[in-house]
Every structure is written in structure tokens, then in C-alpha cells.
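Colleague: Structure for this input, please:
(2 chains)
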Amino acid sequence: MTSYILKRLFWIVPTFLGITLIVFAITRFVPGGPLEQVLMRGALMGAEGGKNIKMDASSGGAALSNEQLASLKAYYGFDRPWYQSYVLWLGKVLTFDLGRSTRYNEPVGALIWSKLPISTYYGILTMLITYLICIPLGIWKAIRHNSFFDYISSILVFIGYSLPAYVVAIILLVVFASNLEWFPLGGFTSSDFSEYTFFSKIIDLIEHSVLPLTAYVLGSFAMMTFLMKNTLMENLSADYVRTAIAKGVSFRKAVFSHAVRNSLIPMATHFGQNISVILTGSFLIEKIFNIDGLGLLGYESLVERDYPVVMGTLVVSSILFLIGNILSDFAVALVDPRIQFK
Amino acid sequence: MDDQVVLRVSNLRVGFATEDHGMLVAVDGLSFDLRAGETLGLVGESGCGKSVTALSLLRLLPQPLGKILSGEILIKTKDGWEDIVRLPANQLSRIRGARISMIFQEPMTALNPVHTIGRQIFESFRLHFPEMSDKDILMKSLELLEDVGIPSPEKRIHEFPHQLSGGMRQRVVIAIALSADPDILVADEPTTALDVTIQAQILDLMLALQKKRGMSILLITHDLGVVAQMCQRTLVMYAGRLAEARDTRSLFKDPRHPYTKGLLHSIPRLGSVRKTLLPTIEGSVPALKDLLRGCRFQSRCPLVTERCREEIPEVQIKQDQNLACWNRGFHD
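Modeller: Alright, predicted model coming up:
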């Protein structure tokens, strides 16, 4: 068992190196990087108010002097070959220093840390609600296979599944926040949140959470429900359920004490993937509901070429993903005694 | 009714609803008695309805497709006779396991893979003897495992099915089936999936347990060797109907029904000439969807007459022997 965990933890290292190395290299070769953006801005300013800036022949017509360019390169870390920079960056990551955001000039670690509670809040709630709805719904649908309820719920689930989460988010926002005004338009909490009493804080939080959570849950809903339904139906026709009924167990008890546990095995394998996907959030949903979470941070940093933040969010999400996979293994082993760690 | 009878099946008709061919009748008008302490063999080839008959006895037909269309399955209980066919679903658990138990063909899948052996045996005790203490249940379970020949049961009881061999698993399945001390054990090809040495052990075990507990066994098999070894009486089925039901000795010595005759002829014998073709029954079993009028064996029968093509053979009864053939009687 211990050796298995150690082995799995060890394998995190090369996977992590692979992921970060590729993304790091991409940030270096993709055009439109931070340096070019500064140069472009400089060129624009030069074109507009040009008189104050003296053109320097040696800089090849650019708005900046060589010294300025060099110091900019140094600021963005582009003054060395990419592999050297990568090693430097990695060295810093090992000391938990993710660098500074080029956009906010704040430490990346602190930036991510400040967004993490929001994403974790939504992530954990989404996962809980998804499992709490999908498992019972899947069981119910399996037992009542081909009934009216089964058909109706399938139609609803498939409609939810075929709509992308951001479309659902926009519809929810328009209908329930804008037209009906049942829920606030967005944000994690109200702006005067800190002045509220404890209970009104909770109510405020819930009010703000309902629509985004609905959008989140609808996305992962269909797959989990049908996974549960189909595996349970398969298990219900298994021989061991017949054995149980033959010894006098009622159908209801055969379902719950025999078939359901076996059906949780495939659900457990999805557990780890869900953790990482959900915790790092969906930037579209965060954007639509104006939630200041990790997904939005990662997306905006990518658009703005804020590479230290891009790499920082990548570090967090890839580590979550890798640990999630190990957690998945444990979840599977928890429900299936045939799995042993060797 | 005969004092000795513990289970009486009369005119059982079992059908399966299909999309393309409507209701297909898999068992048609089957009747037989099972007596206390005897082993009755139910033989026939694949698809003749023997497993469907077995499942019907415990109302375990695959739902919602399988259905008992008519007939009675009477079982003797303390309070007299009860008809399993008409028992409401919530009453069935009183009969299943307690009065009539079943063991299955496939020991590899018959046990729940995520529960320990112990838990699966305890479950049965808890169901049928709710007043029993946990300590007693554990003791009884260990005793039972010992009875079915599981070595070091106190260790095995904590293990999961995948840690046991096929033969051991079948022993556990038998232990579970016997936990509530049923009067009748239905064994649906219990040794088919096991290798030959284990087969012999399991059959011996069943005989020993039968002797000890005095239960009746309905043994479903297609292996005539097993029948000869185990059963006092044998019922031969063909395409859902009874062909011949006799005491095993006279059935083997003097088969009356042409189908039984064909079956017995197709067994290789040590004394027969080597490297000659084994006699077989020409043709194959008709599919349920294109059964003809009259006798179902007509297409393969060497004695077939016009009457066989028109009318279903009447069942001739002589004491406890049954024969369904227009052309053969008990004495010709």
C-alpha cells in the first residue's frame, strides 16, 4: 500500500515536468507575447503624440532604446534562452515562488490563493450536488426503466446535456436574474457583504450561488446519471442479484445492498477527473456570472499574455489533476475490494 | 395427495414476451411431483425449458419478459399447501430460501463480488431467523461452511469471492442455499461450469448433504452420467414439453420415448467399436417461434405417423411414470 502510494506520487514528477515544459515552451514561441504588446503600445503612443519621443536610429525605428528593450526583456524573463528560463522558473516553483504577475505586478501565488476559496466553494458544491442528484436519480431510473418517469427525465437530462453550460448560464441569467429578478445578476457576494450579519451573509451567498451552481451541475449531470443508470441496470440483471433474491432477499434490498455498491465502482473512477475540472472552474461560467475565480483568472491571463499567471494556474490545475487521479484510485479501492494496491 | 409429495407442479405453462413473435411458450403443460428426500433429474438439451422450469419454481423468471401463464406450483409448508404461482410478491421471500432454495450454473458470478463470503451467508440467516444473535449466526455460518467442505472456514469467511476457486465458490453458493434449511433444493446445472474432478466432489457433497438433511433435490442437467449417478427418478423434456418421466433405472434400461432412446444411444460406451460414428438424433430442436402442431419431436422422430403431426400426444400414466408418445406405451 505505502509503496503503491509512493510509486504513484513519484510518477507525478515526470508528468508534471512534461505538462509545464510544453506549456512553457509554447508561451515562448507564440507571437503576441508581453514584449511585443509593450512595443506595440509604445509604437501607438509614438504615432499619436510623437513629438516628445526622439527617434533613435540605432533602435531600428522602434520607440524604445536598446537599454529599455533589454530591461523589458529582463523584466519579462525573455533575456535568456527558453530552456534556461524554464529551469530558473522551475527552481523558483520548487521554493513555492510562482513569480510576479506582469499585469498586476503582484505575486502569482498570492493572486491564485485569493481566488482559490471561490473556486473551491463552487467546485465542492457542484460535485456534491451532482453526486447527490445523479446517484439517486440514476437508481430511480434504473428501477423504473421504460416507465413514464424514465422517459420524461431522460428527455430533460438530454436537453440539459445538449445545451453548453454557458448557454444555460445566459438563459438562467436572462430569465431568473434579469426578467424575474429572483436572483442577483452576478458576483460572488453583494458589494456590501462585509456589513451583513452572519445569517444575511449566508442568504446572500446562497442567492448568488443558485444560478452558477445550476449551470455547473447541468454540465456534468447527464453523464453521471446515465452512467449510474446503465451500470445499475447491468448489475440488476447480474447473477449475484438473482442469488440474493433466491435466498429470500426482497427486490428493494437486493437493489440497495447488492447492486448499488457494485454500480458505484465506475462512478468512483470519474471522481478524480471531476475534482480537477471542477476546482479550477469554468471561465465561461465565471465570466458570465462575474465570479472572480481561478477559471476567469487563467483565461484573462492567457488573453493578456500574463505568462507567470498562466504558468501558475497551470501548476495548480495540473497538480490537482494528478492528485485527483490518485484519489480516484482510492475511491475505487474503497468500493471494490478486488482492487489491491501493489 | 400422496404424503410423500413436497412439491407438485401441474400444467405449468411459462411464456416469454418477445417483440417479433409475441408470446413464446417455453414450457408447455408440464406436470411432475417431487417427493421428500428424493432426487429428481430434469434432463433435456439446451433450450428445452428445464432452466425456465427451475426459475419458475422460485418465481425468478427474468422480469418483465418471463411470465407464468397458467398452472400450479404447490409446495408443502407447515400450514398446508401453498401455490407459488399465486403467491403475492411480498410473500415470496417467506418461501424462497426457507422452503425452496436454488443453486446456479455459474459459481463465478453467482456471488456478490464486493461482499465477503461471511456477509452473504449472514444475510440469509438474518432474513430467515431474525431472532438469532450475531454470535449464533457466526457459529452457524462456520458450521455450514465446514459442512460444505470449505477448509479453515474461520479464515474464508472474511474473504471475498474472487479469492476462492470455482469449486469453493460453488460450495459457498450451496452453503447459502442451505442456510435456512429448505425442504427443496433446485440445482440448475450446478457442475456444468466446473472441471470434472470438482464436479464429482460437488455431486458427492450434494448427496451427503441430502442424506444428512433429508431434503429433496431437483437436479437440472444435460449430463446423463450425472443423472445415472444422482437421481432416483428422471424427467426428460423436449422443446418445452414432457417426453418421458420414469425411475432412472428403467429409463436407462428400457427407454420408451424415441427421443430418450436417441439420447441414450448417443452416449459413447467403452464397449463399442472404436472409430465408428457415434449415433446422433438427426435434425435439431425446432425454435420456439416455429413449433408445429402435434408432437414436437415429429420432425426428428423415426416412428412419426400422421397422428403425431396432428395431435399433441396424450400423457400416459402408469403409477408414477409418464410417457408422451402416440406410438409407444409402457409395454410394447
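Colleague: any idea whether residue A:186 is helix, strand or coil?
Modeller: Following DSSP: H, G, I helix; E, B strand; the rest coil, we place residue A:186 in the coil state.
Colleague: In space, what's closest to it - neighbours in sequence excluded?
Modeller: residue A:290 (3.6 Å; Cβ to Cβ, 6 or more residues apart in numbering or on different chains). C-beta here means a position set from N, CA and C on the backbone, and glycine is covered the same way.
Colleague: who touches that neighbour in this structure?
Modeller: Going by Cβ atoms under 8 Å, 6 or more residues apart in numbering or on different chains, residue A:290 touches A:185, A:186, A:187.
Colleague: backbone phi and psi for the second one, please?
Modeller: Its backbone dihedrals place residue A:186 at phi 170, psi -170, with angles given as degrees, to the nearest 10.
Colleague: What is the neighbour count of it?
Modeller: A count of nearby residues for residue A:186, using other Cβ atoms under 10 Å in any protein chain shown, gives 16.
Colleague: Do I have it right that it meets residue A:286?
Modeller: No - contact criterion Cβ atoms under 8 Å: residue A:186 and residue A:286 do not qualify, at 9.6 Å.
Colleague: Just give me the longest helix of chain B.
Modeller: helix B:196-213 (DSSP state H).
Colleague: What are the contacting residues of that one?
Modeller: The contact list for helix B:196-213, computed with Cβ under 8 Å, 6+ apart, reads B:37, B:39, B:147-149, B:166-167, B:170-171, B:174, B:178, B:181, B:185, B:187, B:190-191, B:194, B:215, B:217, B:226, B:229-230.
Colleague: at 6 Å what do you get?
Modeller: Residues outside helix B:196-213 that contact it (Cβ atoms under 6 Å, 6 or more residues apart in numbering or on different chains) are B:149, B:167, B:170, B:191, B:217.
Colleague: Any residues of chain A in contact with chain B? List them.
Modeller: Counting by Cβ under 6 Å from any Cβ of the partner chain, chain A comes close to chain B at A:239-240, A:242-243, A:246-248, A:250, A:258, A:261-262, A:337-338.
Colleague: List just the nearest of these to residue B:85.
Modeller: Using Cβ to Cβ, residue A:246 comes nearest to residue B:85 of these, at 16.9 Å.
Colleague: Got phi/psi on the closest one?
Modeller: Here residue A:246 shows phi and psi, under degrees, to the nearest 10, equal to phi -60, psi -30.
Colleague: so it makes contact with residue B:102?
Modeller: Yes - using Cβ atoms under 6 Å, residue A:246 is in contact with residue B:102, at 4.5 Å.
Colleague: got the buried residues for stretch A:161-181?
Modeller: A:161, A:163, A:165, A:166, A:168, A:169, A:170, A:172, A:173, A:176, A:177 (16 or more other Cβ atoms under 10 Å in any protein chain shown).
Colleague: for the fourth one, helix, strand, or coil?
Modeller: The three-state label given to residue A:166 by three-state DSSP is helix.
Colleague: Going by proximity to chain B, name the top residue of chain A.
Modeller: residue A:248 (3.5 Å; Cβ to the nearest Cβ).
Colleague: quick one: contacts for that residue?
Modeller: B:93, B:96, B:97, B:127.
Colleague: if we go to 7 Å?
Modeller: B:93, B:96, B:97, B:98, B:124, B:127, B:128 (Cβ atoms under 7 Å, 6 or more residues apart in numbering or on different chains).
Colleague: Assign it to helix, strand or coil.
Modeller: Put simply, residue A:248 is coil when judged by three-state DSSP.
Colleague: Run a quick neighbour tally on residue B:4.
Modeller: Using other Cβ under 10 Å: residue B:4 sits among 13 other residues.
Colleague: Overlap of the contact sets of residue A:246 and residue B:102?
Modeller: Counting by Cβ under 7 Å, 6+ apart, the residues touching both residue A:246 and residue B:102 are residue B:58.
Colleague: Is it possible to get the buried residues of stretch A:161-181 out as JSON lines so that each row also shows secondary structure, pLDDT and distance to residue A:191?
Modeller: Formatted as JSON lines, these follow (DSSP: H, G, I helix; E, B strand; the rest coil; pLDDT from 0 to 100; distance: Cβ to Cβ, whole Å):
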{"residue": "A:161", "secondary structure": "helix", "pLDDT": "81", "distance to residue A:191": "35"}
{"residue": "A:163", "secondary structure": "coil", "pLDDT": "83", "distance to residue A:191": "31"}
{"residue": "A:165", "secondary structure": "helix", "pLDDT": "79", "distance to residue A:191": "26"}
{"residue": "A:166", "secondary structure": "helix", "pLDDT": "81", "distance to residue A:191": "25"}
{"residue": "A:168", "secondary structure": "helix", "pLDDT": "83", "distance to residue A:191": "26"}
{"residue": "A:169", "secondary structure": "helix", "pLDDT": "83", "distance to residue A:191": "21"}
{"residue": "A:170", "secondary structure": "helix", "pLDDT": "86", "distance to residue A:191": "23"}
{"residue": "A:172", "secondary structure": "helix", "pLDDT": "85", "distance to residue A:191": "21"}
{"residue": "A:173", "secondary structure": "helix", "pLDDT": "84", "distance to residue A:191": "18"}
{"residue": "A:176", "secondary structure": "helix", "pLDDT": "84", "distance to residue A:191": "20"}
{"residue": "A:177", "secondary structure": "helix", "pLDDT": "79", "distance to residue A:191": "16"}
